[in-house]
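**Q** any chance you could fold what I've pasted below:
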Amino acid sequence: MGLEPPRCKKCGKALKPAQIYSRRQYCSRECFNDARFGERVRFGDTETRRPLVIAAAKLCQAGLTQVQTAKQLGVHPRMISDWFEQYGVDNFLPGKVCEHCGKSLAGMPYLSNRKYCSKSCGNKARYAAKHPVSRQKLKFDPALRARALELYWGGLGQTAIAEYLDVAQGTVCSWVHDFGGLQECRPKKEILRLRPPEERLKNAETAEEWQEALRDITPKKTRRGKTIRLVCSDIRGSSGINRLVTTILERLRLNPLSGETFAFRDTESKVISTICWDGEIFRIGKYPKTQGSFIWPQETFGTLVEIRENEFETMLSYHKKGGKKRRKSSQNRAFCGKIEA
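**A** Sure, this is the predicted structure:
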């Protein structure tokens, strides 16, 4: 029985006669390197015998910088840079993208320290960091746009839609410009009730609609108070006690001594006068308007429109011009005087 030929210490393959004559212990240079320096390890597209290289690649792909990776592994930062040049930066940072636009940075120079794909993206990112509100991208829910278009087709104005949905008016205008012509506008009663109070009161077609609009904007917690009868027609000239009493008797055909409160307006709707008999004297009230004019029921509604005292106070706080509710100043407060009957 012959002797068994020597074999490679790494893979166990039989050695060739020349290798045996040269006293080789390994069948190839690959087995020699594997035995002396370690086996090859593959991570992604990186293949090496150095475990630190694989560890550095994993840390870089996790988001660490070269300095942080070197400190983590306990090596010099220059060694990490040498590995980047030797194995390729793309193998250490395969999925790196632009921090502003998201474009892949693969194949670009200085990839290890690169953050943006171009100088333009870098300038935009720095400006966005300095001005976060002005450079914020517009994000909206498609259902919000559908709701805005539904309100527009239902008869609501663009300004009212923007205030109701808490959206910029320019955004609503762009939606209406792009999609408003897809359907025909058909006003709906439930949507028209969302209009601003001044617009609802001004565009009311009947006395009931005007009273309903005034009732909706009146605070519910306030006391209802007594009834005040608004005279739809205006009074020209001085609104003294004699003229008011004569108007109630001759034009309205009512008793001025009934104890009811009657309210009149002048021709420009800048002064409201009230008169009431309390059993002994007439009480006269004057409500001047320093800005704009009072909102008042139209003459087409009839002769009188009845409202409550709290609704009357709400009506006084609104005016036609400007569209915003203003607090009563010292000049707008009423003053009352007592005049003997």
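**Q** for I228, see how far away the spatially most central residue of the chain is.
**A** The centroid of the chain falls nearest to V167 when counting by C-alpha atoms, centre = their mean (5.7 Å). Applying C-beta to C-beta, to the nearest Å, the value for V167 to I228 is 39 Å. In this view, the C-beta of every residue, glycine as well, is placed from N, C-alpha and C.
**Q** likewise for R36?
**A** 106 Å.
**Q** which of these two has more neighbours?
**A** I228 (20 against 10; other C-beta atoms under 10 Å).
**Q** OK, contacts around the more buried one?
**A** T261, F262, A263, T274, E306, I307, R308, E309, F312 (C-beta atoms under 8 Å, 6 or more residues apart in numbering).
**Q** show me where the chain has its strands.
**A** 41-43, 46-48, 227-231, 261-265, 271-277, 281-288, 304-308, 335-340 (DSSP state E).
**Q** circling back to that earlier point, could you pick out the buried ones from the contacts of I228?
**A** Among those, those scoring as buried are T261, F262, A263, T274, I307, R308, F312 (criterion: 16 or more other C-beta atoms under 10 Å).
**Q** mean pLDDT for the strands of the chain - can I get that in TSV?
**A** TSV is the format used below for the strands of the chain (pLDDT from 0 to 100):
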stretch	mean pLDDT
strand 41-43	68
strand 46-48	73
strand 227-231	87
strand 261-265	89
strand 271-277	88
strand 281-288	87
strand 304-308	85
strand 335-340	41
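**Q** so which of the buried ones among the contacts of I228 is the closest to C11?
**A** R308 (102.7 Å; C-beta to C-beta).
**Q** which residues sit in contact with that closest one?
**A** T218, R224, G225, K226, T227, I228.
**Q** from I284, how far out is N242?
**A** Counting by C-beta to C-beta, the gap from N242 to I284 is 11 Å.
**Q** er, L244 I mean
**A** 8 Å.
**Q** overlap in contacts of these two?
**A** S273, I275.
**Q** higher neighbour count, N242 and I284?
**A** Between N242 and I284, counting by other C-beta under 10 Å, I284 is the more crowded of the two (19 against 10).
**Q** the more buried one bridge partners, please.
**A** On the basis of DSSP bridges, I284 is bridged to I275, G337.
**Q** how near is it to G302?
**A** With C-beta to C-beta as the criterion, I284 and G302 are 25 Å apart.
**Q** one step back: E208: which of the buried ones among the contacts of I228 is nearest?
**A** Nearest to E208 among the buried ones among the contacts of I228, with distances taken as C-beta to C-beta, is I307, at 12.0 Å.
**Q** spatially, which residue comes closest to the closest one, not counting chain neighbours?
**A** I228 (5.7 Å; C-beta to C-beta, 6 or more residues apart in numbering).
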